[in-house]
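Peer 1: below: sequence and its predicted model.
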Amino acid sequence: MQLVLVNTFKIDVTSDANIILTALDHPSRLSNYLSLNSNNSFYFFLSYFLSKIFGTNLIVFEIYAIVSLDLSVIFLKLATHKYFGSRSIANVVTLIFAYFTMLQPIFVLTYTDTFVLPFVNLTILLIVLAFNDSKAKYLFMVLAGISTSIAYLLKPSAIIFLIALIIFFVISKRAFLGKVNGIRTVLLLLMTLFLTGTISTYAANRYMDTQTIVKIDKSKSFPIVHYALLGSFGDPNDKNSLHGTFNNGDLSIALKAHNKTARTKAELNELISRSHHRGIIESFKFYMAKFSDNMDTGVVGFHREQLWSIVTKLAPKNSINGHIEKIFYDREQQPGNLLSWSSTFLFLLQLIWLVILSSAIYAIWKYRESDKITLVSLSLLGGMLFLLIFESGGTKYMLQYTPFISVLAGFGLYNLLTQKHS
């Protein structure tokens, strides 16, 4: 199905993905962009090496996105099967995760949001295996550290769940300590994960600092407060406006500064001023509006991003591809416009999302005493809090946390159905 849609959809990418993918044949053009947005350096090098093997046609990166998404489904199924010890629960979780990654044609988003998913789920799988294997647990943790490093380099926010893992071991009285021979083994496993991840990240950064493909000056890069400032942008009293996302006003504040230190100071002052001007009540309203933009629909890219895709050509209406387009495309879709799904397709996705959301809430409430559900809930909570503070403002940013939504919803739905059947 995904390959059929790749052949059907005639689409071009926009925004950061377009900037990088269209300059792969002339990487020197990206020097200033990557110096400012150094967080996208690893994505560039991954895309660059792919282009050297397979070429720069967009279909190469769409197929890579499909492979990434399909692998992420497989890894999550294996992880949940081992985590819960139930093939049936794993199957339900897999179907729900496939709602985000397969039913929705998000392969058109050839960016870090899709590329990072297999490494997130592989890390989860390897950590679960490490805590359930008495012989190869340290090997699994070494591999998990490497996978974590790749996920971090692609999208730093994707590894927030590891903080939840540490918090879980601090607050939990039972955890998995009995299975892994006590606190000493737990600490050694976590140290193995941390050290391997740190060394892998250092090695990758060392390569990117010394390579000669494109000059990257990290002293010019946007500081972390830049993304917090973007995350504070918007009108709390206008639900239909942008909330917490990229905007030219905040970008201009950053670009006026000549170095990272000056940029940090200027943007921090603006963030403090903006928060002070809003006050507590208006700030609460703003962040609730931003939370809604991130979570009110399960349609990835529904709000402002449109999956960073522009339709370049429509098939003849009476052709096979034309009939396929009628299923997915909005009836007003025109070449040159941002991608927009049909109302029927959106309605179907929303119905499924209501079931997923209800099942996840049920699992969190009904099984709140379960260590395993607590760990997954903390992972999702950490991701949601991160998106509240930093740049987001759309469902595209939730994609990296859909594995945890899927696990909660799958577990809840399975137990709802089996209890009703009983």
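Peer 2: Everything's here; your move. Nothing here was measured: the structure is a model prediction, and the numbers come from that model.

Peer 1: pLDDT of stretch 63-73, averaged?
Peer 2: Average pLDDT, stretch 63-73: 97.

Peer 1: in that stretch, what's buried?
Peer 2: 63-66, 68-70, 72-73 (16 or more other CB atoms under 10 Å). The way it works is simple: take the backbone N, C-alpha and C, and place the C-beta from them, glycine included.

Peer 1: now stretch 217-232
Peer 2: For stretch 217-232, using 16+ other CB under 10 Å, the buried residues are 220-223, 225-232.

Peer 1: same check, this time on stretch 412-420
Peer 2: Quick answer for stretch 412-420 (16+ other CB under 10 Å): 412-416.

Peer 1: and what of stretch 206-217?
Peer 2: Going by 16+ other CB under 10 Å, stretch 206-217 has these buried residues: 208, 214, 216.

Peer 1: just the endpoints, please. Distance across stretch 328-342?
Peer 2: Terminal residues of stretch 328-342 are spaced 5 Å apart (CA to CA, to the nearest Å).

Peer 1: how about L307: what's its closest non-neighbour residue?
Peer 2: Leaving aside its sequence neighbours, L307 sits nearest to G301 (CB to CB, 6 or more residues apart in numbering; 3.9 Å).

Peer 1: give me the neighbour count for L378.
Peer 2: 21 (other CB atoms under 10 Å).

Peer 1: pull the contacting residues for it.
Peer 2: When contacts are counted by CB atoms under 8 Å, 6 or more residues apart in numbering, L378 touches 164, 167-168.

Peer 1: and it, what helix or strand is that in?
Peer 2: helix 371-389 (DSSP states H and E).

Peer 1: all helices of the stretch 1-150 of the chain, in order?
Peer 2: 2-8, 15-21, 31-36, 41-54, 58-84, 87-98, 112-115, 117-130, 137-154 (DSSP state H, counting those that start in this stretch).

Peer 1: mean pLDDT lowest where, among the ones you listed?
Peer 2: The bottom spot among the helices of the stretch 1-150 of the chain, by mean pLDDT, belongs to helix 2-8, with a mean of 88.

Peer 1: rewinding a little: how much space between the residue nearest to L307 and V60?
Peer 2: 21 Å (CB to CB, to the nearest Å).

Peer 1: and if you look at A228?
Peer 2: According to CB to CB, A228 stands 35 Å off from V60.

Peer 1: contacting residues for L339?
Peer 2: Contacts of L339 (CB under 8 Å, 6+ apart): 11, 108, 306-307, 309-311, 329, 333.

Peer 1: show the backbone phi and psi for it.
Peer 2: Main-chain torsions, L339, degrees, to the nearest 10: phi -60, psi 130.

Peer 1: ok, the contacts of L378 vs N132, which is closest?
Peer 2: Checking the contacts of L378 against N132 with CB to CB, the nearest one is F168 at 15.7 Å.

Peer 1: report the mean confidence score over the one helix or strand K326 maps to.
Peer 2: Element membership for K326 (DSSP H and E) is helix 320-328. Average pLDDT, helix 320-328: 92.

Peer 1: count the residues that sit near the closest residue to A90 other than its chain neighbours.
Peer 2: Sequence neighbours aside, H81 is the residue nearest to A90 in space, at 3.8 Å (criterion: CB to CB, 6+ apart). Other residues near H81 come to 19 when the count uses other CB under 10 Å.
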